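In: one predicted model, sequence on top.
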Amino acid sequence: MMLHIPGVLTPDQVARCRDVMTKADWVDGNVTAGHQSRKVEYNLQLPEESQTAQELGDMVLKALYRSPLFMSAVLPQQVFPPLFNRYDAGMVFGSHVDNAIRTHPQQPIRIRTDMSATLFISAPEDYDGGELTVEDTYGSHSVKLPAGDLIIYPATSLHHVTPITRGSRIGSFFWIQSLIRDVSQRALLFDLDMSIIQLTRDHPDHPSLVNLTSCYHNLLRQWAEA
Ligand code: NI
């Protein structure tokens, strides 16, 4: 499942990210790349252990946990501390699949990457190229979103970032281990949750609401690895 979540960061938070990043030191993005990615990655990154990355990463994490759509679609067990990268003109990230397991260099964090996420910090009009392209069983999907918007996609999918031909593309990227490992179970819970929300909105006194909500929680209880 690919899902676009609009407005995860407010315009003020996006401005804060950009402001901090213009003063930050960037390093070669190869530092976090896996063996396969290292051959195809060419971008810049805020050092994972830097104060800047940690401060902005905390801001992104808090915003994610406030997003009902993110929580419902992902059902996070743990979110990897968000990282930040920058592509200038000529930079590119070739086709790759993300590492299955991610370990944090400082914190005692090791997750299985069920879903990958990209949060757009640059506005689309600030650069040309730089589309995130994700391949799944339904074909190839090209993604370029407004600043502050998030895309989540299966970490199992091949993906790449097309070359930047003008400007700079700044974004945050991270991975999520879900409470629900099975992708079809996770999709089913998301559909059910969205339907319950819609029914609550349209027919708040509908007698089936209690039963449907009970089904949702009992399925979650049965399937969750908590
Ligand atoms: Ni990737």
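Out: Received it, and whenever you're ready, just let me know what you need. Keep in mind that what you see is a predicted model, and the values were worked out from it rather than measured.
In: C-alpha only now, for contacts and for neighbours.
Out: OK.
In: and the contacts of stretch 18-30?
Out: Stretch 18-30 has contacts (CA atoms under 8 Å, 6 or more residues apart in numbering) with 37, 38, 41, 42, 43, 44, 45, 46, 47, 52, 85, 121.
In: what's the closest of these to residue 135?
Out: Nearest to residue 135 among the contacts of stretch 18-30: residue 37, at 16.1 Å, using CA to CA.
In: how does the chain divide into domains?
Out: As recorded under automatic domain parsing, the domains making up the chain are 3-178, 183-223.
In: looking at the ones you listed, which has the lowest confidence?
Out: Lowest mean pLDDT within those: domain 3-178, a mean of 93.
In: export only the CA atoms of the longest helix seen in the chain, formatted as PDB.
Out: Secondary structure of the chain per DSSP state H: the longest helix is helix 183-202. Extracted in PDB, the C-alpha atoms of helix 183-202 (Å, rounded to 0.1, in the frame of the first residue of the first chain):
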ATOM      1  CA  VAL A 183       0.800  -6.300   4.800                       C
ATOM      2  CA  SER A 184      -2.700  -7.700   3.900                       C
ATOM      3  CA  GLN A 185      -3.800  -7.800   7.500                       C
ATOM      4  CA  ARG A 186      -2.500  -4.200   8.000                       C
ATOM      5  CA  ALA A 187      -4.400  -3.100   4.900                       C
ATOM      6  CA  LEU A 188      -7.600  -4.700   6.100                       C
ATOM      7  CA  LEU A 189      -7.400  -3.000   9.500                       C
ATOM      8  CA  PHE A 190      -6.800   0.300   7.800                       C
ATOM      9  CA  ASP A 191      -9.900  -0.200   5.600                       C
ATOM     10  CA  LEU A 192     -12.000  -1.200   8.600                       C
ATOM     11  CA  ASP A 193     -10.800   1.800  10.600                       C
ATOM     12  CA  MET A 194     -11.500   4.300   7.800                       C
ATOM     13  CA  SER A 195     -15.000   2.800   7.400                       C
ATOM     14  CA  ILE A 196     -15.700   3.100  11.100                       C
ATOM     15  CA  ILE A 197     -14.600   6.700  11.000                       C
ATOM     16  CA  GLN A 198     -16.800   7.500   8.000                       C
ATOM     17  CA  LEU A 199     -19.800   5.700   9.600                       C
ATOM     18  CA  THR A 200     -19.300   7.600  12.800                       C
ATOM     19  CA  ARG A 201     -19.300  10.800  10.900                       C
ATOM     20  CA  ASP A 202     -22.400  10.100   8.700                       C
END
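In: what about it, distance to the chain center?
Out: Here helix 183-202 is found 20 Å from its chain centre; the criterion is CA atoms, centre = their mean, to the nearest Å.
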